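Participant: the following block contains a protein sequence and its predicted model.
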Amino acid sequence: MAPCAVRPILRLKGRVTFAGDKSIAHRAAILGALSAGVTRIENFPSNKDCLATLSCLKRLGVKINRDGASVKIYGRGLFGLKKPAGALFAAESGTTLRLLMGVLAGQPFTSKLAAARSLSRRPMRRVTLPLRKMGAVIRCKKRLPDLKEEYPPVAVTGASLRPITYRMPVASAQVKSAILLAGLYAKGETAVIEPFPTRDHTERMMRLFGARLKINKKRIIISGRRNLVSPAKFYVPGDISSAAFFIVAASVIPDSRIFVRNASLNPSRMGIIRTLKRMGAKINIKYQISPAKLSQGRRDPASYEYSGREKGISGEPIGEIEIRSSRLKGVTVKKKDIPSLIDELPVLMVAACFAGGKSVFEGVEELRVKETDRIRSMTENLKKMGADIRTLKAKGSEKIVIRGVTQLKGAEVKSFGDHRTAMSMAVAGLAAKGLTRIDDISCISKSFPGFLSILNTIKA
């Protein structure tokens with residue numbers, strides 16, 4: 001247990017740079033392992049989730065050298081992975097587990113993926129169903145009362161996969177990515193149809209590594225059995241999900257002004273920025289690498305200078321974000337927009353508490369099956385601090401309604417063992433009146449071990 005006392009502050013001031021984006025880093029490591037050549041990944045984050053991916057890849061026979069934020073992946077090609085001696089441990093990383101399920105579906109051996117306590121309670125049928133359609137043999141654990149759902153541990157027996165066209169019932173970048181990775185091993189074209197757009201890091205990166213991938217509106221098509229080639233260098237831009245906590249804090253704490261440098265500005269991850277701007281937040285973006293520049297070239301690479309150092313390669317827009325304190329107003333966020341800000345919803349709920357009027361977040365039921373039930377964790381905590389918040393269910397969908405209040409007050413709150421709940425409540429405590437105590441923040445290391453140290457550098 002690592003309790004934390006959070007006191008209100010006068011303002012936030014300064015410039016910050018965040019460790020590499022977690023979603024991008026996972027994918028860079030996996031595709032580097034499946035490609036020919038050596039991939040040097042710079043600004044690789046040291047959070048537990050990304051380290052779990054590196055650990056699993058090592059056990060699959062991939063040579064990896066790590067020196068701080070620099071990681072070298074010695075690729076083994078699509079069919080060069082080795083049968084692991086024991087179970088691959090994904091810890092609490094859902095991205096590690098689900099994406100590797102797609103890779104392992106195409107391997108000529110059986111492997112087992114194990115998970116830590118929280119991840120062992122998260123649903124996997126959304127991934128196992130399409131992979132079975134492609135020919136993989138997968139065994140999972142069942143739990144009462146719903147014996148149709150499946151949970152880790154997961155045993156995957158790979159096969160000579162067949163291509164499928166799969167219309168996803170739930171918008172999920174992890175599910176999409178697992179299918180596309182499996183599609184690399186299928187003979188022919190595998191297509192994924194999304195109900196709503198989700199983060200597109202996998203698509204951008206596959207092109208960068210030489211995959212033949214086409215996008216036609218909501219349909220993403222990957223051609224299988226095509227060898228991948230490493231781009232040699234890859235820079236991971238700063239994590240926008242980590243930056244979100246500071247962006248919201250600077251927006252709601254008076255007299256604040258911060259600059260977030262080298263941030264990922266991927267359009268499919270900018271839901272947090274678009275929503276805050278609609279709420280009246282004063283946010284200015286300066287692109288260092290423009291989206292137009294990224295579209296140039298046959299394989300969609302972009303060569304650029306980053307942080308004054310040598311040239312790197314990335315398929316992602318990157319830049320600086322300036323945030324100043326502002327008076328926020330309530331907005332309605334539609335279900336179709338939720339995938340672009342699903343990880344940032346907890347801290348957006350905090351922002352809504354300080355906004356004038358009513359905010360509505362529609363179609364948020366996916367929050368129930370994250371590391372914890374984030375609807376429950378955030379609602380219980382914010383109510384303790386005086387928030388006016390309620391949830392409504394209708395026709396299988398769920399929405400959160402928040403009416404802004406004059407002031408939140410400090411209280412005894414819980415992290416529920418969830419990193420995003422813990423950091424969101426820290427932001428609420430910084431802007432509240434009085435002392436806020438969080439029972440345990442050790443879970444923050446899952447995604448953002450440097451959270452408190454960065455915060456201390458810009459508190460005024």
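Facilitator: Received it, and whenever you're ready, just let me know what you need. Just so we're clear, the structure is a prediction, and the values are computed from it rather than from any experiment. Numbers count the residues shown, from 1 in each chain.
Participant: what residues does the host helix or strand of Val350 touch?
Facilitator: Assessed by DSSP states H and E, Val350 sits inside helix 345-353. Contact partners of helix 345-353, identified using C-beta atoms under 8 Å, 6 or more residues apart in numbering, comprise 244-245, 248, 251-252, 272, 275-276, 279, 328, 330, 333, 338, 341, 359, 361, 364, 367, 374, 377-378, 382, 385, 387-389, 400, 402, 404-405, 408, 420-421, 423-425, 427-428, 431. Every residue, glycine included, has its C-beta placed from N, CA and C.
Participant: which ChimeraX command selects the buried ones in the residues you listed?
Facilitator: Buried members of the contacts of helix 345-353 can be picked out in ChimeraX with the line below, counting by 16 or more other C-beta atoms under 10 Å:
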select :244,245,248,251,252,272,275,276,279,328,330,333,338,341,359,361,364,367,374,377,378,382,385,387,389,400,402,404,405,408,420,421,423,424,425,427,428,431
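Participant: among the contacts of helix 345-353, which lie within helices?
Facilitator: Among these, DSSP state H puts 244-245, 248, 251-252, 272, 275-276, 374, 377-378, 382, 420-421, 423-425, 427-428, 431 in helices.
Participant: returning to what we had before: and the helix holding Val350 with helix 271-278, angle?
Facilitator: Per axes from the mean of the first three to the mean of the last three C-alpha atoms, to 10 degrees, the angle that helix 345-353 makes with helix 271-278 is 10 degrees.
Participant: give the contact list for Leu57.
Facilitator: 29-30, 33, 64, 73.
Participant: quick one: it is in a helix?
Facilitator: Yes - with DSSP: H, G, I helix; E, B strand; the rest coil as the criterion, Leu57 is located in a helix.
Participant: that one and Arg76: what is the separation?
Facilitator: 9 Å (C-beta to C-beta, to the nearest Å).
Participant: sorry, back to before: can you put the contacts of Leu57 in a markdown table and add secondary structure, distance to Arg437 and neighbour count?
Facilitator: Output for the contacts of Leu57, formatted as a markdown table (DSSP: H, G, I helix; E, B strand; the rest coil; distance: C-beta to C-beta, whole Å; neighbours: other C-beta atoms under 10 Å):
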| residue | secondary structure | distance to Arg437 | neighbour count |
| --- | --- | --- | --- |
| Ala29 | helix | 37 | 26 |
| Ile30 | helix | 39 | 26 |
| Ala33 | helix | 43 | 29 |
| Ile64 | strand | 40 | 17 |
| Ile73 | strand | 42 | 28 |
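Participant: so which pair among those residues is furthest apart in space?
Facilitator: Spanning the widest gap among these are Ile30 and Ile64, at 11.6 Å by C-beta to C-beta.
Participant: isn't there a strand covering Val71?
Facilitator: Yes - the assignment for Val71 by three-state DSSP puts it in a strand.
Participant: pLDDT wise, what is Arg420 at?
Facilitator: At Arg420, the predicted lDDT confidence score is 97.
Participant: contacting residues for it?
Facilitator: By C-beta under 8 Å, 6+ apart, the contact set of Arg420 is 343, 346-347, 370-371, 374, 447.
Participant: including distance to Ile458 and pLDDT, could these go into a markdown table?
Facilitator: Below are the contacts of Arg420 laid out as a markdown table (distance: C-beta to C-beta, whole Å; pLDDT from 0 to 100):
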| residue | distance to Ile458 | pLDDT |
| --- | --- | --- |
| Asp343 | 22 | 95 |
| Pro346 | 21 | 97 |
| Val347 | 16 | 98 |
| Lys370 | 28 | 91 |
| Glu371 | 27 | 87 |
| Arg374 | 26 | 97 |
| Ser447 | 19 | 93 |
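Participant: and the two most separated of those residues?
Facilitator: Val347 and Glu371, at 14.7 Å, using C-beta to C-beta across the contacts of Arg420.
Participant: of the two, who's got more company?
Facilitator: A side-by-side neighbour count of Val347 and Glu371, using other C-beta atoms under 10 Å, places Val347 first with 27 against 22.
Participant: and the more buried one, how far is that from Gly404?
Facilitator: Per C-beta to C-beta, Val347 is found 15 Å from Gly404.
Participant: residue ranges of the helices in the protein, please?
Facilitator: For the chain, the helices defined by DSSP H occupy 22-34, 48-59, 94-104, 125-133, 173-183, 201-208, 240-252, 271-278, 291-294, 345-353, 374-384, 419-431, 451-458.
Participant: so which of those gets nearest Pro195?
Facilitator: Pro195 sits nearest to helix 173-183 of all those, at 10.7 Å, using C-beta to C-beta.
Participant: what residue ranges in the stretch 101-250 of the chain score low on pLDDT?
Facilitator: Residue ranges of the stretch 101-250 of the chain with pLDDT under 70: none are present.
Participant: mind running it again at 90?
Facilitator: Residues of the stretch 101-250 of the chain meeting the criterion pLDDT under 90: 143-148, 170, 217.
Participant: where do the strands sit along it?
Facilitator: With DSSP state E, counting those that start in this stretch, the ranges of strands along the stretch 101-250 of the chain come out as 110-114, 137-141, 151-157, 165-167, 189-193, 213-216, 219-223, 228-229, 233-235.
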